[in-house]
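Chemist: mind looking at a prediction? Sequence and model below.
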Amino acid sequence: MATVQLLGRGTYGPDVAMGRGVSRLWMYFLSPPAQNSVIVYDDGSVVEGPGFENSQIKADNVYVYIHGGTRFRCETGSFEYNALTAAGYTWQTITGFDEYGEDYDDQYP
């Protein structure tokens, strides 16, 4: 089985602080968007969102929680691979540590 890395997660925009006592300069600061987190449930359903409560992450029916901004890797044919593929996510094949791939990738620390 090949090792693959999850691609295609959405992003959410920056929160701009407004209101009394907040400098108007923050309206002009555009921080980069952040990557969404993903929850895969035992029944194969997938939910993506900007953040989840601890009660949602630690629920009994959660198979895997993928924190936003992290590189999630798994094996082809695994449960999470099949569930995420069925939900429309794409993958990048990762060359093994003792193998040479056709193209250079940045898997080495």
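Modeler: Okay, I see it.

Chemist: who are the contact partners of residue 8?
Modeler: Under the criterion of CB atoms under 8 Å, 6 or more residues apart in numbering, the contact list for residue 8 reads 88, 89, 90. (Glycine included, C-beta is placed from N, CA and C.)

Chemist: going by neighbour count, which of the residues you listed comes out on top?
Modeler: The residue in the contacts of residue 8 with the most neighbours, by other CB atoms under 10 Å, is residue 89 (17 neighbours).

Chemist: need phi/psi at that one.
Modeler: In this entry, residue 89 is assigned phi and psi values of phi -80, psi 150 (degrees, to the nearest 10).

Chemist: same question for residue 51.
Modeler: According to degrees, to the nearest 10, residue 51 has phi -170, psi 150.

Chemist: how about residue 91?
Modeler: Taking degrees, to the nearest 10, you get phi -140, psi 160 for the backbone angles of residue 91.

Chemist: list the residues that contact the closest residue to it other than its chain neighbours.
Modeler: With sequence-adjacent residues excluded and distances taken as CB to CB, 6 or more residues apart in numbering, residue 91 is closest to residue 4, at 4.0 Å. Contacts for residue 4 (CB under 8 Å, 6+ apart) come out as 73, 74, 75, 76, 81, 91, 92, 93, 94.

Chemist: I am finished for the moment; much appreciated.
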